[in-house]
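> please work out how this folds:
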Amino acid sequence: MAERGPLICSLVERGWRAVREYSLGPQQQDMLFLHVIKGRLSRPLRALIAPRANTRLASLPRQVFWLAAWCVLAGLAVSGRLRGILVDNEKSWRRLARFSRIARVPLSIVRSGTSRYELWAGTTLWPEEAWQAAVRQCASR
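I've put the predicted structure just below:
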């Protein structure tokens, strides 16, 4: 990732549509996004997903996904760049809950919802304004 600065890391295991829509939102224009995707993507699909300057993709083989994801998250947290973590399922959310508390960054599940996407904190719907406030608070530390 050539740009330096704060970013949100999304770990995509099952589907990238909701998190992609979130990263395209107007309130996200000043934030960098790193989508770490489980599995290999074809070139046409990569071109479709990441045509934005603030978005980077890393597609990883399934066998090393979690090992690499932990390394990426740890490196970003230590460098002070990590501002939030997005996942696409509750199992991943549970796996990362302790890490997000230690790193003091918000963690949310992004799902397709009634209007584009929804953000969840485990089983509780997290209003987007509250998520944005948590990301801003993380940035102000």
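
> and the strands in the chain?
Using DSSP state E, the strands of the chain run over residues 7-12, 32-38, 55-60, 82-87, 107-112, 117-121, 124-125.

> pLDDT wise, what is residue 53 at?
Note on residue 53: pLDDT of 75.

> mind listing what the most far-flung residue of the chain relative to its centre touches?
Distance from the C-alpha centroid of the chain, by C-alpha atoms, centre = their mean, peaks at residue 44 (21.8 Å). By C-beta atoms under 8 Å, 6 or more residues apart in numbering, the contact list for residue 44 is empty. From N, CA and C alone the C-beta is placed, and that goes for glycine too.

> quickly note the distance from it to residue 14.
Residue 44 sits 20 Å away from residue 14, going by C-beta to C-beta, to the nearest Å.

> same check on residue 58?
Distance from residue 58 to residue 14, by C-beta to C-beta: 17 Å.

> the more surrounded of those two?
residue 58 (16 against 12; other C-beta atoms under 10 Å).

> residues near the spatially closest residue to the more buried one that is not a sequence neighbour, how many?
Of all residues not flanking residue 58 in the chain, residue 36 sits nearest, at 4.9 Å (C-beta to C-beta, 6 or more residues apart in numbering). When neighbours are defined as other C-beta under 10 Å, residue 36 has 19 of them.

> thought residue 36 was touching residue 68?
Yes. Between residue 36 and residue 68 there is a contact at 7.2 Å, judged by C-beta atoms under 8 Å.

> and for those two, which residues touch both?
Joint contacts of residue 36 and residue 68 (C-beta under 8 Å, 6+ apart) are 58, 60.

> burial of residue 24, as a residue count?
Using other C-beta under 10 Å, residue 24 is surrounded by 15 other residues.

> which residues touch it?
Counting by C-beta under 8 Å, 6+ apart, residue 24 touches residue 52.

> what about it, distance to residue 33?
Applying C-beta to C-beta, the value for residue 24 to residue 33 is 9 Å.

> just residue 84 next, same as before
Distance of residue 84 to residue 33, computed by C-beta to C-beta: 10 Å.
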